[in-house]
Structure formats: C-alpha cells, structure tokens
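>>> A structural model of the following input is requested.
(2 chains)
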Amino acid sequence: MNPALDYLDAITSLVQKMKSTENERFKKAADVMSDRVAEGHLIYLWGPGGHSSIFSEDAMYRKGELGALCPIYDPNISLSHGAAREINGMERVEGLGKVVVDYHKIGKGDVIVFGSAYGINPVAISAAIECRNRGAYVIAVTSPSFSDQSSYAGARHSSGKNLYQVVDLYIDSYVPYGDAILEYEGLEHKISPVATIMQAIALKALLAETMVALKEKGVDPFTWTNSLQAGGIEANSSYMHRIWGRVKSM
Amino acid sequence: MNTYLNTLAERITALANEQSAVETAAALLTEAQTNNRLIHVFGTEPATASLMTEVFFRAGALTNINPILDPSLDPAHGAYRNEMCMQLEGLSPCILDYYEYVEAGEPMLLMGTDPAAPMFAEALAWAKNKGLKTIAFVCRGCDCDADVVLHHGALQDSLGGEQSVLLCALLHAVNDKAAASLDDSHVWHGTHTVDLSANAARIDERLFRIRHL
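Numbering: from 1, shown residues only, chains lettered A, B, ... in the order given. Below you'll find the predicted structure:
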C-alpha cells in the first residue's frame, strides 16, 4: 500500500478529466468575468457550505490573485463557528441564501461564482436562484455527477434541483460521489476527500484564465502583492482603498 | 429592595453629577451626526464591548454609530481568549487600523474599567493621533487624557454587574441627549427593534460605510 502516492494519482486523474472536458467552459466563464471586471464590476465568490467556504477564503488578498474579487464570508455558513452547527444545520436553512445575497446587494450586471462540490444544499441553491432573479450572471464550480447521485434527502433544496441546474454556466470539478477517494481492505469506509482540492484547482484555473482574458481586452488586471514582503503593504494599499466600502470581507 | 438594587439606585441618581460632561459629549455627537460624520464607539474589554450594541442599530439610537466589534473581545470567540487578548500590547491599534472610515474631527467613545490598561490606553493614543475627539467612559476615581471624561460612578474594583448597568445608563444618556437635539431622520426608527422597511434608505446609505451594519 502506498496511500500518499495513491492519493496524488487520484487527484492527477481527476485533474486530467477536468482538462479534457472543461476548457471551453473555463473560457466562456472567463470571458463573462473579464467583461464585467472591465466594466468596473467586482466578481463575487461564495462557497456556500461548510468546507466549501474555503473556496472563497483562499482567493482573497493573495499574491498573484486577481484583486477585483468580492469573497463572501458569512458567519452562518462557515466552519469557524462550529462544523456541526454549519453542516448539520445552517446550510439547510433555505432562507439564509436570500439573506446573504440581499446583504451583499448583488444585482444586475454582477457576476458571482458559487463553489459547492456537492451542489445540493438549500442555501447554495436558493442563493443562486436569487442572484439570477436579480439579473446577476451565475457561475458554479460544482460536481454534477455528485449532485445527481446524492441521496442526502434531508439536505436538499425544496425544489429538488441541484446547483448546476439553476446557474447560467457551471464548471465540473469532477469530485466523485462520496468525496473520499481511497479504499483499502480493512478500512470500513473510503478515506481521503478531494472536494476542497478539486474545487480550488478549478477556481485557480478559472481566475488565471480571467486575468489573461482581461489583459487581452486591454485591461491590466490588478493582482495582489504578498503583504509580508518588503513594500508589500504599500503596493497593495492603493487598490485596497479603491475597494474599501465595496468589499466587506477586505 | 436588596443591597444591589439600593446601591444601583443611588449610583444612577448620582449620575446627574455628570450632566455637564454628558452635554459636552452629546454636543460632539450632534455635530458629527449633523455633518454626516461617523461616531466611533470602542468598548475595550469584553463587558464594555458588549455594551456597544446598546446604541448600535437600535430603535432610537443615532444612525451614524460605528462600533468597533472585534473577535478579540467577543465571547462568541472564547471568553478566556478575550481575557488574554485584552492584556496584549499592540492589539488595540491593530484592531482600530482595520476600520477604514475614520476621519479627523470625528468623535470616538472609549469605554473601559481601567484607562491604564493597554487596550484602552493605546486606543486613546491612537484616536488622538488620528485627530479624533475623544470621549472616555471610566470608573469613579479614574482619569485619562480624553477630551471629555465621563465617570459612571462604579469603583474600579466593584463587581462587573454594577459597572455595566451604570455605564449603559450613561451611554444612553449621551445618545438620548444628542438624539433629542436632532430631527428624527438621525435615529433608527422602530419600536423594540429597527423597522427595516422604514429605515431602508438609511440602511442603504450606511451598509458599506459602517462595517458591522
């Protein structure tokens, strides 16, 4: 047995699948996102679920990452206030999706990227529907095959729909049903989940595509400098002050 | 009445001695509110931090109150952790620097049991360095270098329950005195809670300016 290498092989295999099918969707999504940034909009990012919240946290104020992002950090939909509180309860409160969208004033002309590997929870789906109703363009990074196979009846949106079915465009993160990916004799269940990694890889790929698309459209994308390096805080401060008041999570 | 209530009643009555300071402080709040400037409030310990919500987004409270609500002093993130945080030198300016809309001339209300404690003393120094008009709420017998100092009447070593009630009364006295001199567009409308529909425009104007709204 070589679990470490087995895990890396499994991730590599999933990334290969993503490479072989998702390029067109990456380009389409990046085209929309770069258009909106060029118009002066920010791109909202939200991982509306327990571990999914890492999706939006990872991209914020980070060296080499696009500045024109508005990640949503909601205290109800976050592991930082209790994992069981969020996963067993909060993400099933359908109304919270609308509250969060309303609070951040997402509306016409905006674009939002939802990151939810399972793509089934009521908050994610109600928020995506609300964003579309308000005229925003809605993208999801999600795993449709996971959603379709899901039998988690108690954690579904009242419409019975999955996230990928209520958005304008989705990117398949290829998270396999069940999430955990390694199986060994003697272990009762599969081990080692992949959702966070696959979702993050898809988002990083999408943002890379977006930054280059912006440049090709004649707009220099602002990217963050590491604030720990000499001059880093100063390099970031001008852009930071431009988005103060627009990005609550800054 | 028991001893606790008797003592409180006496202390609250004695707050009348603070009338002059209440009026001075209220005038600073009125001026800020009239000019659509923010009024910053910082409770420098967990107990005083919780009192900020007494005058934040509450029916009858001034609309431009900007509370400094930080996890360092919020028991939701650990009461024991709070106590360790409040002893740290250098934490107070770090918390305050995060608030982007702070401009010279705006009032800042500082509340604390011990003005010499790092969280309070460094916050006061930070505020003065920013050119803010400082209003301190401190215990009887304490003093500090703020522009206005209000004494809530409890001794520094009195039980916390007494301090909280008296400080809360004094805080409301300042808010209410300022509100009484303004038209009702300057306060949140509602009865026991803020009426979201009636305040929709006021909320929209402040949603991204007041960090915790």
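
>>> Just give the closest residue to the residue nearest to the spatial centre of chain B, not the sequence neighbours.
Nearest residue to the geometric centre of chain B (C-alpha atoms, centre = their mean): B:Val41, 4.1 Å. Once flanking residues are discounted, B:Val41 sits nearest to B:Leu109: 4.5 Å by C-beta to C-beta, 6 or more residues apart in numbering or on different chains. (Each C-beta comes from the backbone N, C-alpha and C, glycine too.)

>>> ok, the residue lying closest to B:Asp195 once chain neighbours are set aside - how many residues close by?
Take B:Asp195 and drop its neighbours on the chain: the residue closest to it by C-beta to C-beta, 6+ apart is B:His189, 5.3 Å away. Residues near B:His189, counting by other C-beta atoms under 10 Å in any protein chain shown, number 16.

>>> tell me the pLDDT at B:His189?
With respect to pLDDT, B:His189 scores 97.

>>> That one against B:Asn199, yeah?
Yes: because the distance of 5.6 Å satisfies C-beta atoms under 8 Å, B:His189 is recorded as touching B:Asn199.

>>> List, one by one, the residues from chain B near chain A.
B:76, B:100-101, B:207-209, B:211 (C-beta under 8 Å from any C-beta of the partner chain).

>>> Specify which member of those residues is nearest to A:Gly89.
B:Ala76 (16.3 Å; C-beta to C-beta).

>>> now that closest one, nearest residue through space, not along the chain?
A:His81 (7.5 Å).

>>> Model confidence for the one you found, exactly?
pLDDT, A:His81: 79.

>>> From what I see, it and B:Pro71 are in contact.
No: at 10.5 Å, A:His81 does not count as touching B:Pro71 under the criterion of C-beta under 8 Å.

>>> who touches whichever helix or strand B:Leu29 is part of?
Following DSSP states H and E, the helix or strand that holds B:Leu29 is helix B:19-34. With C-beta atoms under 8 Å, 6 or more residues apart in numbering or on different chains as the contact definition, helix B:19-34 has outside contacts at B:37-39, B:62-64, B:106-107, B:109, B:133, B:135, B:147-151, B:170, B:173-175, B:177-178, B:181-182, B:186.

>>> Kindly give a single ChimeraX line that selects the buried subset of the residues you listed.
To isolate the buried members of those in ChimeraX, using 16 or more other C-beta atoms under 10 Å in any protein chain shown:
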select /B:37,38,39,62,63,64,106,107,109,133,135,147,148,149,150,151,170,173,174,175,177,178,186
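
>>> Can you pick out the ones from the contacts of helix B:19-34 that are in strands?
Residues of the contacts of helix B:19-34 located in strands (DSSP state E): B:39, B:107, B:109, B:133, B:135, B:148-151.

>>> would TSV of those residues with distance to A:Lys105 and pLDDT be doable?
Conversion of the ones in strands among the contacts of helix B:19-34 to TSV gives the following (distance: C-beta to C-beta, whole Å; pLDDT from 0 to 100):
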residue	distance to A:Lys105	pLDDT
B:Ile39	24	98
B:Pro107	28	98
B:Leu109	29	98
B:Lys133	32	98
B:Ile135	33	98
B:Val148	37	98
B:Val149	40	97
B:Leu150	38	97
B:His151	43	94
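
>>> next structured bit after the longest helix along chain A?
If each helix of chain A is counted by residues according to DSSP state H, the longest one is helix A:195-216. As assigned by DSSP H and E, the chain's next helix or strand after helix A:195-216 is helix A:232-243.

>>> Could I get the average pLDDT for that following helix?
92.

>>> Show me where chain B dips below the pLDDT cut-off.
Across chain B, the ranges flagged by pLDDT under 70 are B:1, B:159-160.

>>> Distance check, the nearest residue to A:Glu183 once chain neighbours are set aside against A:Met18.
Spatially, and ignoring its direct neighbours in sequence, A:Glu183 is nearest to A:Lys190 (5.0 Å; C-beta to C-beta, 6+ apart). Noted for A:Lys190: a distance of 21 Å to A:Met18, by C-beta to C-beta, to the nearest Å.

>>> Neighbour count for these two, which is higher?
Remark: of A:Lys190 and A:Met18, A:Met18 carries more neighbours, 19 against 14, as counted by other C-beta under 10 Å.

>>> Would you confirm that the residue nearest to the centre of chain B belongs to a strand?
Yes: assigned with DSSP: H, G, I helix; E, B strand; the rest coil, B:Val41 falls within a strand.

>>> ok, residues contacting stretch A:25-34?
Residues from elsewhere that reach stretch A:25-34 (C-beta under 8 Å, 6+ apart): A:43, A:111, A:113, A:137, A:139, A:169-172, A:205-206, A:209-210, A:212-214, A:217, A:219.

>>> for that stretch, what is the average pLDDT?
pLDDT averaged over stretch A:25-34 gives 98.

>>> Please point out which parts of that stretch sit buried.
A:25-26, A:29-30, A:32-34.

>>> ok, so what distance separates the residue located most distally from the centre of chain A from chain B?
Each residue of chain A has a distance to the centre, and by C-alpha atoms, centre = their mean the biggest one is for A:Gly186: 34.9 Å. Noted for A:Gly186: a distance of 39 Å to chain B, by C-beta to the nearest C-beta, to the nearest Å.

>>> How far off centre is the longest helix of chain A?
Taking C-alpha atoms, centre = their mean, to the nearest Å, one finds helix A:195-216 lying 10 Å from the centre of the chain it belongs to.

>>> Write out the residues of chain A neighbouring chain B.
Checking chain A against chain B by C-beta under 8 Å from any C-beta, the hits are A:81, A:103, A:105, A:241, A:244-246, A:248.

>>> ok, the nearest residue in space to A:Cys70 that is not next to it in sequence - contacts?
Leaving aside its chain neighbours, A:Cys70 sits nearest to A:Leu42 (4.3 Å; criterion: C-beta to C-beta, 6+ apart). Residues counted as contacts of A:Leu42 (C-beta under 8 Å, 6+ apart) are A:68-70, A:110, A:243, A:246-247.

>>> From those residues, pick the one nearest A:Ile233.
Looking across the contacts of A:Leu42 and measuring by C-beta to C-beta, the closest to A:Ile233 is A:Ile243, at 15.3 Å.
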